[in-house]
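Q: Kindly return the folded structure for what I paste below:
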Amino acid sequence: MRTILQGKPGTEMLLLGNEAIARGAIESGIAVATTYPGTPASEIGDSIARIAPDLGIYFEYSVNEKVALEVAVGASLAGLRTISSMKHVGVNVASDSLLSLPYMGIVGGLVLVSADDPSCHSSQNEQDNRYYSRFASIPMLEPSSPAEAYEMVKFAFELSEKLSIPVLLRETTRIAHSRGVVKVGEPKRNDRQARFDRERKFILLPQVARRKHAELLEKMGQAEALSEESPFNRIVTLGEKSPFGIIASSAGFNYAIDACKELSLSVDILKLGFTHPLPRRMISSFLRSKEKVLIVEELEPIMENEIRALAEREGIDVEIYGKHSGHLSRLYEYDQDILSEAIGTIFLGSAPKRREEEIAFPELPQRPPVMCPGCPHAVTYYAVKVATKGAAVFPNDIGCYSLGAVAPYNMGDTMLCMGSSIGIAEGLSKVLSEPVIAFIGDSTFFHAGLPALANAVHGGHKMMLIVLDNSTTAMTGHQPHPGTNVNAFGEAAPALRMEKIVESFGIEALRIIDPYDFKDAVRAIKEEFEQKRLSVIISRRTCALLEIAE
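A: Numbers count the residues shown, from 1 in each chain. Reported below is the predicted structural model:
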């Protein structure tokens, strides 16, 4: 990933969407970059981490997304440019800070990258984070290619500083993990001197917040005027003059282009990249020039709802198609076939016949994901199974150890979000007669497990917590966390010992086991299982892949 720094200005590089975002950020002169790793956003932070020392950038893998955003905010308030990247559900964790941040305002440009995951490729839901731009009242940009992602992140810093509010750059898995040609510019070192102006107060007392809300709405009015003029919002014409139109954003634009070319359809496509606020005048003019318009956006009908409302409000006589007409789904990613069927049905009166190759393939066996050979988590699960004979309820958590929920372990009765296993276990333990054993990973323990564990102590919950400690954030690429003794650059860093934290909570029933010492592990688990009290077992063994790499 160091190659993102090697391209000379003016050269073309083949970059992932995430690498393109990282390159755009370093060309914008960022001083600070933060993240909590999570697919499909991980490569943004990983790319910056590898080149940060060369450019004097402070980079960190934060303990969670809320802290990541707040660290970025702090540097921004000192006048420096910052970027914070996370997956879509990570924005939920950061949302407490995010939703008040536009009221408070920023100084140095601050870009928040949300990587959404239509089709749940690596996530527990496919929430549409475009809602956050409306919820928080911040501008939003949506790239449809790595090249556009690169350009947008540079523009986002300018926009953020112009309006003194953060800007949301919303990508999806297909953009994050696709490669495209990007013509790069000059990497730029931060040349600003950090300075915090104490005369400028950033305090959201109620009387201040009321005034700030009015100011924020004025800023979003300015943002809409900029959206109307943005080169990211433009009309692409295919073929001859046509009464047909398509309004599309993000990856949906690419599928729409390919489908129209396949169908040899003459159509105008209004491609929207600056999607909040929407350029209402531009959209209104486009609608008035068409008889039929299809809205193409993956997941929720956010643009469709706003565009339908606009047409109704302005009395525009146009037929609008999309999710509400039943031609497109609110579920999953789109592809060219899905768009060809919708476009053919709406504009040509019939869907194209799909060409299917008549090739006989043998029925292949299913290949579900499995834990890596030598994975210590697999041994821990087997030890729990032997010690308890499976006679418990097992709330599980988010990480590669989530695979303990499937055969042959079958130790995952619930799995909701980061850190949820402990809280759910507490609720279950209060109302069930069966024992409850929760699993959580070491990175997740620091990310979201500590408040729930404190609650378990104070609430007198009788349950067992097994911390699967493999000394890394394994699932997303072996990034460090506060429990490891290195930072993002491989330098020595103070490690927080989770056993010391557990002891400080007043939990006396604490054991540390090595799952490879199988007999001892089974004995320890069985003894605590029979005690029926609040207990914590830390199952500690370095990730097998990490040991091989070292």
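Q: Report the rounded mean pLDDT for stretch 461-478.
A: Stretch 461-478 comes out with an average pLDDT of 91.
Q: how distant is it from the center of its chain?
A: 21 Å (Cα atoms, centre = their mean, to the nearest Å).
Q: same check, this time on stretch 431-446
A: Worked out by Cα atoms, centre = their mean, stretch 431-446 lies 25 Å from the chain centre.
Q: Equivalent analysis for stretch 523-535, please.
A: Relative to where its chain is centred, stretch 523-535 has its mean C-alpha point 37 Å off (Cα atoms, centre = their mean).
Q: how about whichever strand or helix holds Arg50: buried residues?
A: For Arg50, the enclosing helix or strand under DSSP states H and E is helix 42-55. Using 16 or more other Cβ atoms under 10 Å as the test for burial, helix 42-55 gives 42-52, 55. Quick note: C-beta positions are derived from backbone N, CA and C, even for glycine.
Q: Then Ile26 would be within a strand, right?
A: No: looking at Ile26 with DSSP: H, G, I helix; E, B strand; the rest coil, it is helix, so not inside a strand.
Q: which one is it nearest to, not counting chain neighbours?
A: Take Ile26 and drop its neighbours on the chain: the residue closest to it by Cβ to Cβ, 6 or more residues apart in numbering is Pro187, 5.0 Å away.
Q: any idea how far Val370 is from the one you found?
A: 41 Å (Cβ to Cβ, to the nearest Å).
Q: mind checking pLDDT for the residue nearest to Ile302 when sequence neighbours are not counted?
A: Once flanking residues are discounted, Ile302 sits nearest to Arg130: 5.1 Å by Cβ to Cβ, 6+ apart. Predicted confidence (pLDDT) for Arg130: 98.
Q: Take the buried residues of helix 42-55 and lay them out in a markdown table including distance to Val236 and pLDDT.
A: Shown next, in a markdown table, are the buried residues of helix 42-55 (distance: Cβ to Cβ, whole Å; pLDDT from 0 to 100):
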| residue | distance to Val236 | pLDDT |
| --- | --- | --- |
| Ser42 | 32 | 96 |
| Glu43 | 29 | 96 |
| Ile44 | 28 | 97 |
| Gly45 | 33 | 96 |
| Asp46 | 33 | 95 |
| Ser47 | 30 | 95 |
| Ile48 | 32 | 96 |
| Ala49 | 37 | 94 |
| Arg50 | 36 | 92 |
| Ile51 | 35 | 92 |
| Ala52 | 37 | 94 |
| Leu55 | 36 | 93 |
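Q: counting contacts, what elements does the helix holding Arg50 pack onto?
A: Under the contact criterion of 3 or more Cβ pairs under 8 Å, 6 or more residues apart in numbering; DSSP states H and E, helix 42-55 touches helix 17-27, strand 32-35, strand 58-61, strand 82-87.
Q: what's the longest one packed up against?
A: What it means is helix 17-27. Using 3+ Cβ pairs under 8 Å, 6+ apart, helix 17-27 is in contact with helix 42-55, strand 110-116, helix 146-163, strand 167-172, helix 173-176, strand 179-183.
Q: can you put these in TSV and add distance to Met104?
A: Formatted as TSV, the helices and strands packed on helix 17-27 follow (distance: least, Cβ to Cβ, whole Å):
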stretch	distance to Met104
helix 42-55	25
strand 110-116	11
helix 146-163	13
strand 167-172	15
helix 173-176	29
strand 179-183	34
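Q: With only the CA atoms kept, save the helix or strand bottoming out on mean pLDDT in the chain in CSV.
A: Lowest mean confidence among the helices and strands of the chain (mean pLDDT, DSSP states H and E): helix 544-549, at a mean of 81. What follows is helix 544-549, C-alpha atoms only, in CSV (Å, rounded to 0.1, in the frame of the first residue of the first chain):
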residue,chain,number,x,y,z
ALA,A,544,-2.0,-18.1,14.4
LEU,A,545,-1.6,-16.0,11.3
LEU,A,546,0.1,-13.3,13.3
GLU,A,547,2.6,-15.8,14.8
ILE,A,548,3.4,-17.1,11.3
ALA,A,549,3.9,-13.5,10.0
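Q: which parts of that helix are buried?
A: Under 16+ other Cβ under 10 Å, the buried positions of helix 544-549 are 544-545.
Q: So what touches that helix?
A: 372-376, 470-472, 474, 478 (Cβ atoms under 8 Å, 6 or more residues apart in numbering).
Q: and the residues you listed, which are buried?
A: Among the contacts of helix 544-549, those scoring as buried are 375-376, 470-472, 474, 478 (criterion: 16+ other Cβ under 10 Å).
Q: Which members of the contacts of helix 544-549 are the farthest-apart pair?
A: Pro373 and Ser471 (17.9 Å; Cβ to Cβ).
Q: can you pull out the helices in the stretch 251-400 of the chain?
A: 280-288, 302-314, 336-343, 376-388 (DSSP state H, counting those that start in this stretch).
Q: Need the winner for burial among the ones you listed.
A: Of all the helices of the stretch 251-400 of the chain, helix 376-388 has the most neighbours on average by mean count of other Cβ atoms under 10 Å, namely a mean of 23.
Q: Following the chain past that helix, name the next helix or strand.
A: Next along the chain after helix 376-388, taking DSSP H and E as the criterion, comes helix 420-431.
Q: Give the buried residues for that following helix.
A: So helix 420-431, judged by 16+ other Cβ under 10 Å, has buried residues 420-426, 428-429.
Q: Break this structure down into its structural domains.
A: The record's domain split for the chain, according to automatic domain parsing, is 2-229, 235-348, 376-549.
Q: could those go into JSON lines alongside distance to Ala360?
A: Output for the domains of the chain, formatted as JSON lines (distance: least, Cβ to Cβ, whole Å):
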{"stretch": "domain 2-229", "distance to Ala360": "28"}
{"stretch": "domain 235-348", "distance to Ala360": "22"}
{"stretch": "domain 376-549", "distance to Ala360": "30"}
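Q: who wins for proximity to Leu364 among those?
A: domain 376-549 (18.6 Å).
Q: Now do the end-to-end distance for the closest one.
A: End-to-end distance for domain 376-549, by Cα to Cα, to the nearest Å: 16 Å.
Q: Return the set of buried residues in stretch 195-203.
A: For stretch 195-203, by 16+ other Cβ under 10 Å, it's Phe202.
Q: Quote the end-to-end distance of it.
A: Taking Cα to Cα as the criterion, the two ends of stretch 195-203 lie 17 Å apart.
Q: residues making contact with that stretch?
A: Taking Cβ under 8 Å, 6+ apart as the rule, stretch 195-203 contacts 77-79, 104-105, 107, 208.
Q: Tabulate those residues (TSV), appending neighbour count.
A: TSV is the format used below for the contacts of stretch 195-203 (neighbours: other Cβ atoms under 10 Å):
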residue	neighbour count
Leu77	21
Ala78	17
Gly79	18
Met104	19
Gly105	20
Val107	21
Val208	14
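Q: I'd say Ala75 and Ala31 touch.
A: Yes: counting by Cβ atoms under 8 Å, Ala75 does reach Ala31; the two are 6.1 Å apart.
Q: related to what we said a few turns ago, please identify the deepest-packed of the helices and strands packed on helix 42-55.
A: strand 82-87 (a mean of 31).
Q: Quick check: buried residues in the helix or strand following it?
A: Sequence-wise, the next helix or strand downstream of strand 82-87 (DSSP H and E) is helix 88-98. Under the neighbour-count criterion of 16+ other Cβ under 10 Å, helix 88-98 has 88-95, 97-98 buried.
Q: part of a helix, is Gly221?
A: Yes: assessed by three-state DSSP, Gly221 belongs to a helix.
Q: Against Pro277, how distant is it?
A: Distance of Gly221 to Pro277, given as Cβ to Cβ: 8 Å.
Q: These two: who's more crowded?
A: Pro277 (21 against 10; other Cβ atoms under 10 Å).
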